[in-house]
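1. Task: produce atomic coordinates for the following.
(4 chains)
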There are 2 protein chains.
Amino acid sequence: MLEDAAAELFLEQGYPATSIEQITQRAGVSRNTFFNYFGAKADLLWIDLDHSIAALVGALATSGEASVGTPSGTALERLRALILAVAAEHPASRVPWAFSQAELMGTRADLEASAPARLLALSEAIASFVRAEFSEFIARTIGSVAVGAIAAGVAAWITAGVRRDPLQAYVAAALAPALAGFTDTPGDPS
Amino acid sequence: MLEDAAAELFLEQGYPATSIEQITQRAGVSRNTFFNYFGAKADLLWIDLDHSIAALVGALATSGEASVGTPSGTALERLRALILAVAAEHPASRVPWAFSQAELMGTRADLEASAPARLLALSEAIASFVRAEFSEFIARTIGSVAVGAIAAGVAAWITAGVRRDPLQAYVAAALAPALAGFTDTPGDPS
DNA sequence: CAAGGTTTTTGGACCGGGTGCAAGAACCCA
DNA sequence: TGGGTTCTTGCACCCGGTCCAAAAACCTTG
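-> Residues are numbered from 1 along each chain as shown, chains lettered A, B, ... in the order given. This next block holds a predicted model:
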């Protein structure tokens, strides 16, 4: 499998010193096959998280369309529930090695460069989800703040080590205070 | 000049469709000369801002070393003064075209990818500056929050159009509420 | 089993960003 | 005028990423 070969090589030689050709070579496929599975080399760093990010974006989109459906509560309550549900479904075994071994593998620069595309997409999805109940400015702010809180929670989860609690706990702890200030929101900047 | 040639070409053809070779060609120099002035193509997008970012990082570093020197007040007050001083020195003519013309030039993807390196460096510099008076966690939080506020202020300044107020005003407006909550800070998460 | 169509894999050519190096030009200072 | 330093240039190279067309693998259906 490509992911396994990549993780091995990144541990052995570091991420920058490992070429896509080496990865595909070890996996026993041709170089072009790599791009049938990943759009870019940096996507390898996000495989563990991309699945849950996509799941969250999808859940926000579909649950946002069925506006007055089964889910109850305010938009913020439903948002919180969706985020925690996705976090709960994230497999405990899928701890992103590109983050936990960032120093060893030398993945930091490329992680930084590839992060905004994901985080901004998530922020935008969250903003759209809460847009019906808030002003445009507040909706965007909630998107940014929620992403920041999720990132902080995931980061704490990753760095907690092998005896870590489930991801849901960290995200919940970070999310609660971050969103608390938006329940009785007065509004936009004067 | 390389910057002028680049800005022209980005307006004409867009950033992704413009190669470094085209830029150097129009500027009348060889391709390798480009890398004597810029470390990467994306550095062109940040020329207007990089100068002020570096100035702020430098001011934070030197003013942080001379710990009990001329500057007075709390760390947050000195931080605010330094940020606003750098903002005040930023030339009004240097509005980053890569941001204001982002849609036209197609610079968004590369702006996103190259932003974290700058923002995280600034965040780290700010955290170091206030580290003496706050806990590690709060110092980092102040770094992140301050960068977020600065970014919001700069963004508002850029989008304000030709009749914009000085940059200092926008940054001050964004910074004040962001840092207000840290003056009487109780401390870390329980 | 065989034929036919679809998906996946592969090879090859290509482009552009970025690095390293060594030769040459330009510049500066005595 | 000469000599040293800095800047520029050309060249070769690596790697990530795109495009395309041929071939292989796969799946289906008669």
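
2. Identify the residues contacting residue A:175.
-> A:80, A:83-84, A:146, A:149-150, A:153 (Cβ atoms under 8 Å, 6 or more residues apart in numbering or on different chains). C-beta here means a position set from N, CA and C on the backbone, and glycine is covered the same way.

3. ok, it to residue B:90 distance?
-> 36 Å (Cβ to Cβ, to the nearest Å).

4. go on, residue A:110?
-> If you go by Cβ to Cβ, the gap between residue A:110 and residue B:90 works out to 30 Å.

5. got it, and residue A:101?
-> Distance from residue A:101 to residue B:90, by Cβ to Cβ: 39 Å.

6. Give me the buried entries from the contacts of residue A:175.
-> Buried members of those, counted by 16 or more other Cβ atoms under 10 Å in any protein chain shown: A:80, A:83-84, A:146, A:149-150, A:153.

7. Pick the one among those residues closest to residue A:137.
-> Of all the buried ones among the contacts of residue A:175, residue A:146 has the smallest distance to residue A:137: 14.8 Å, by Cβ to Cβ.

8. Quick one: residues contacting the most centrally placed residue in chain A.
-> Nearest to the geometric centre of chain A sits residue A:53, at 4.4 Å (Cα atoms, centre = their mean). Counting by Cβ under 8 Å, 6+ apart, residue A:53 makes contact with A:46, A:118, A:121-122.

9. Out of the residues you listed, the closest to residue B:161 would be?
-> residue A:121 (27.8 Å).

10. what pLDDT does that closest one get?
-> Per-residue confidence (pLDDT) for residue A:121: 97.

11. so what's it closest to, chain neighbours aside?
-> residue A:57 (6.5 Å; Cβ to Cβ, 6 or more residues apart in numbering or on different chains).

12. what helix or strand does the one you found sit in?
-> Element membership for residue A:57 (DSSP states H and E) is helix A:47-65.

13. can you check residue A:15 too?
-> Going by DSSP H and E, residue A:15 is not in any helix or strand.

14. Relative to chain B, how far out is it?
-> Distance from residue A:15 to chain B, counting by Cβ to the nearest Cβ, to the nearest Å: 16 Å.

15. For that residue, list the residues it contacts.
-> Counting by Cβ under 8 Å, 6+ apart, residue A:15 touches A:45, A:98, A:105-107, A:110.

16. Next, it: phi, psi?
-> phi -70, psi -50 (degrees, to the nearest 10).

17. try residue A:161
-> Torsion angles at residue A:161 (phi, psi; degrees, to the nearest 10) stand at phi 90, psi -170.

18. before we move on, what about the one 4 residues further on?
-> Main-chain torsions, residue A:165, degrees, to the nearest 10: phi -70, psi 170.

19. No more questions from me, cheers.
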